[in-house]
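Novice: sequence and predicted structure below; questions after.
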Amino acid sequence: MATRRRSLLGAAIRTDLHPSETECVVRDRGVAGLRLELSHAVPLPHSFEIHIPKTRETRQVEVVWRDEGAMGVRFVSVKPSDAEVIPLSLMRDLHAARQDIATLRARLSRLGDEA
């Protein structure tokens, strides 16, 4: 059984069923999933997206168990074909472009100081 760490993080459940987010609290978290606490019984599908603003994490999860006011969810693995792969050459080009922008900003700043 995987070890879970206690936590107290605000989170939001996002589904296609509700136009708005459902607030919840992450009470435990582990490598494989989370224990969520909900303030009221909310109809939820078997799988949904959870967003934790403090950690800037958004994950797809599915319900493993549910009690009154709490539920356990496991993370749904992202298939490699679903993951966004950024080619190394593109990352190098991005890095070079950022350096060019920094150089140009420095030049503009110097020109502004001379004027």
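Specialist: Done, it's in. This one's a predicted model, so the numbers in the text were calculated from it and none came from an experiment.
Novice: can you point out the buried residues in stretch 47-65?
Specialist: 48, 50, 52, 61, 63 (16 or more other C-beta atoms under 10 Å). All C-beta spots, glycine's among them, are computed from the backbone N, C-alpha and C.
Novice: contacts for it, please.
Specialist: Contacts to stretch 47-65, defined as C-beta atoms under 8 Å, 6 or more residues apart in numbering, come from residues 9-15, 21, 24, 26, 33-34, 36, 44, 46, 71-76, 78.
Novice: and the buried residues of stretch 47-65, which is closest to Ala96?
Specialist: Ile52 (33.8 Å; C-beta to C-beta).
Novice: run through the protein and note the low-pLDDT ranges.
Specialist: 1-2, 18, 78-84, 115 (pLDDT under 70).
Novice: quick one, strands of it?
Specialist: 4-14, 22-30, 33-37, 47-52, 57-67, 70-75 (DSSP state E).
Novice: same question for the first one: list its buried residues.
Specialist: To tie it back to what came earlier, the one meant is strand 4-14. Quick answer for strand 4-14 (16+ other C-beta under 10 Å): 4, 7, 9, 11, 13-14.
Novice: before we move on, the earlier item: kindly supply the PyMOL command isolating those of the contacts of stretch 47-65 that are buried.
Specialist: To isolate the buried members of the contacts of stretch 47-65 in PyMOL, using 16+ other C-beta under 10 Å:
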select buried, resi 9+11+13+14+15+24+26+33+34+36+44+71+72+73+74
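Novice: on that earlier part again, out of the strands of the chain, which comes closest to Leu94?
Specialist: Leu94 lies closest to strand 57-67 among the strands of the chain, at 22.6 Å (C-beta to C-beta).
Novice: follow-up on the earlier one: turn the strands of the chain into TSV, columns for distance to Leu108.
Specialist: Shown next, in TSV, are those (distance: least, C-beta to C-beta, whole Å):
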stretch	distance to Leu108
strand 4-14	41
strand 22-30	45
strand 33-37	47
strand 47-52	38
strand 57-67	37
strand 70-75	46
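Novice: Arg92 is nearest to which of those?
Specialist: strand 57-67 (27.5 Å).
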